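*Asks:* Show me how the following folds:
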Amino acid sequence: EKELKPEITKNFRTADFSLLVGHSLGGLFVTYSLASRPNVFNGYIAISPTLHRHLPQLTKKIKALTLTKPTFYYFSVAEHDLNNYLPATEKLRDSVTHYAVPNLEWAYSFSKSKDHYTTAPVVLFEQLDAIFKPWYLSDPVKPITLDWMLQHVEVLNKRYAYDINIESRLATFGQALLANERLESAKRTFDALLQRYPLSPIPHQCLTDYYISVQDKSKARHHNDEAIKIMRSIKSPDLNAAIVLKAVID
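*Replies:* Have a look, this model is predicted:
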């Protein structure tokens, strides 16, 4: 909380969403972290945690949790796990089932035909997939629209408790509309992009492309100039391309 997470955030591009994952004694540490410092991470994955010696204290703490944001706790056990692992994990499952904790989404998984050592990679993939499954924007019936994308991201923001960046997704969607000559829909998408990300050059680049397509040189030049101005301030590697495009427009 005080050293590792700040160091990672300082040196790497991170989202405002973090998971703590552990196996065996690491899984016990994950569960202990949830029980004792519940708002440090957004999600906790405990794979075959060593719970049997500590279960009463941990169960009591988990039942009394006060969570300030949506939090995930996923835990598992293997069919051929070590002694006492299965009954302890099932007791925790039953406790969580009977005492719902506000803001806690939990899931228990049982790895059939796995042992204490072979379960970890399988369960990690399954539980990450389960946590992020709603992320995928696809529907076999409904076509993807701008309104649906914006509604979908609001659902994700609520689930993961931070403002998820969809700039590249909106830009790609709008460019696809533009390529298929759906000009009105493309313009609406690019306007929404600019409203959502006014300090980025990408909306202006997209609007430059749109106005070139509709042969409005004045507005194309305006948005390309805005993109160049922002690119200079952030030292964007795409600056030269925008300067070349300015010459083409002129």
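
*Asks:* ok, and the closest non-adjacent residue to residue 82?
*Replies:* Sequence neighbours aside, residue 116 is the residue nearest to residue 82 in space, at 4.9 Å (criterion: CB to CB, 6 or more residues apart in numbering). Where you see a C-beta, it was placed from the backbone N, CA and C, and this is true even at glycine.

*Asks:* quick one, what contacts the one you found?
*Replies:* Residues counted as contacts of residue 116 (CB atoms under 8 Å, 6 or more residues apart in numbering) are 24, 48, 78, 80-82, 85.

*Asks:* do residue 157 as well
*Replies:* By CB under 8 Å, 6+ apart, the contact set of residue 157 is 163-164.

*Asks:* Which helix or strand contains it?
*Replies:* Using DSSP states H and E, residue 157 sits in helix 146-160.

*Asks:* List the buried residues for whichever helix or strand comes after that helix?
*Replies:* Using DSSP H and E, the next helix or strand after helix 146-160 towards the C-terminus is helix 167-179. By neighbour count with 16 or more other CB atoms under 10 Å, helix 167-179 contains the buried residues 169-171, 173-175, 177-178.

*Asks:* Between these, which sits nearest residue 62?
*Replies:* Distance to residue 62 across the buried residues of helix 167-179 (CB to CB) is lowest for residue 169, with 36.1 Å.

*Asks:* Leaving aside the residues adjacent along the chain, what's closest to that closest one?
*Replies:* Residue 169 sits nearest to residue 149 (CB to CB, 6+ apart), 7.0 Å away.

*Asks:* which phi and psi does the residue lying closest to residue 51 once chain neighbours are set aside have?
*Replies:* Leaving out its chain neighbours, the residue that sits closest to residue 51 by CB to CB, 6+ apart is residue 88, at 4.2 Å. Backbone torsions for residue 88, taken as degrees, to the nearest 10, come to phi -70, psi -40.

*Asks:* the helices in this protein, which residues?
*Replies:* Ranges of helices in the chain, per DSSP state H, are 4-11, 25-36, 55-63, 85-98, 119-132, 146-160, 167-179, 183-196, 201-213, 217-234, 239-249.
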